[in-house]
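Trainee: only the shape, not the letters, is given here:
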């Protein structure tokens, strides 16, 4: 994937806008932080369910997944644009979207992956 591909995938999520966080390119849904792009290593921050999930991804595919000291104690992984699987990234971004999007917006988009409110 290219940076443009990653940004297009993220911006396709309803109510998502481009912005910044700490001076870096970031994305918000209804004003809440969704993810950010890391210019320094051409990667995107992916929120996960656990540190174990992160460690498994890094172990299975260290060319794609990694983390820095900043993310060491957080259930997040960094995914390199050039090698991340688009379908996987799409599902992970939709799951994160479900965590931050307002319930009313989520109900309007039940086809997105993740658990819809009231499901």
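Mentor: Happy to help now that I have it. Everything numeric in this text was worked out from a predicted model, so none of it was measured.
Trainee: ok, then the element right after the helix or strand where residue 94 lies?
Mentor: Secondary-structure element containing residue 94, defined by DSSP states H and E: helix 86-100. The first helix or strand that comes after helix 86-100 along the chain, using DSSP H and E, is helix 103-107.
Trainee: for that following helix, the distance to its chain's centre please.
Mentor: The gap between where helix 103-107 is centred and where its chain is centred comes out at 19 Å by CA atoms, centre = their mean, to the nearest Å.
Trainee: re the thing from before, and the helix holding residue 94, which residues are buried?
Mentor: 89, 90, 92, 93, 94, 95, 96, 97, 98, 100 (16 or more other CB atoms under 10 Å). For glycine as for every other residue, the C-beta is placed from the backbone atoms N, C-alpha and C.
Trainee: I figured the third one hits residue 46, correct?
Mentor: Which is residue 92. Yes. Distance between residue 92 and residue 46: 5.1 Å, which falls inside the contact criterion (CB atoms under 8 Å).
Trainee: tell me the SS of the nearest residue to residue 27 once chain neighbours are set aside?
Mentor: Spatially, and ignoring its direct neighbours in sequence, residue 27 is nearest to residue 34 (4.6 Å; CB to CB, 6 or more residues apart in numbering). The local conformation at residue 34, judged by DSSP: H, G, I helix; E, B strand; the rest coil, is strand.
Trainee: what's the burial count for residue 34?
Mentor: When neighbours are counted by other CB atoms under 10 Å, residue 34 registers 24.
Trainee: you'd agree it is up against residue 96?
Mentor: Yes. Residue 34 lies in contact with residue 96 (CB under 8 Å); the separation is 5.9 Å.
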